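Participant: Make a model of this:
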Amino acid sequence: MEELVLRARDGDLDAYARLVRRFREIALDQARRITGDYHRAEDAVQEAFVENDAQQCGFCTPGFVVACTSVLDKNPDATLEEAQAGCGGNLCRCGTYVGMNQALMDAAKSLKGGA
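Facilitator: Coordinates of the predicted model:
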């Protein structure tokens, strides 16, 4: 992995993308160890993040996935404003908020049985 980091620092976008995927895998593995399995809402949120390009560098992604899952667990009918307030403690340097907002709404719709 150290070689990937060095290549990514030198501007190798493929190495950068592979690092992001690897860090995501690590975060998901940690979540699986903690919870024992993925929660249905978390699956929906993760899928919606991928579909909406809601992750860029991947640094904030685990925090946003957990926050979005929590919002949907507490209120599956949350409005966009309520969802944004529920995720308000997380910051994204890449500015993927539009994708994250759409991912959250899509995950909510998916949990309700929508397409």
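Participant: Packing partners of the lengthiest helix in the chain?
Facilitator: With secondary structure taken from DSSP state H, the chain has its longest helix at helix 13-35. Other helices and strands packing on helix 13-35, by 3 or more Cβ pairs under 8 Å, 6 or more residues apart in numbering; DSSP states H and E, are helix 2-9, helix 61-74. For the C-beta atoms, the positions are set from N, CA and C on the backbone; glycine is no exception.
Participant: Identify each buried residue in the helix or strand following it, please.
Facilitator: Counting by DSSP states H and E, the next helix or strand C-terminal to helix 13-35 is helix 40-51. Judged by neighbour count (16 or more other Cβ atoms under 10 Å), helix 40-51 contains these buried residues: Ala41, Glu42, Ala44, Val45, Gln46, Ala48, Phe49.
Participant: And for stretch 103-115?
Facilitator: Ala103, Leu104, Met105, Asp106, Ala107, Ala108, Ser110, Leu111.
Participant: any idea how far it is from the chain center?
Facilitator: 15 Å (Cα atoms, centre = their mean, to the nearest Å).
Participant: again with stretch 12-20
Facilitator: Between the centre of stretch 12-20 and the centre of its chain there are 17 Å (Cα atoms, centre = their mean).
Participant: pLDDT of it, averaged?
Facilitator: Per-residue pLDDT over stretch 12-20 has a mean of 83.
Participant: circling back to that earlier point, mean pLDDT for the helices and strands packed on helix 13-35: which is lowest?
Facilitator: The weakest mean pLDDT among the helices and strands packed on helix 13-35 belongs to helix 2-9, with a mean of 81.
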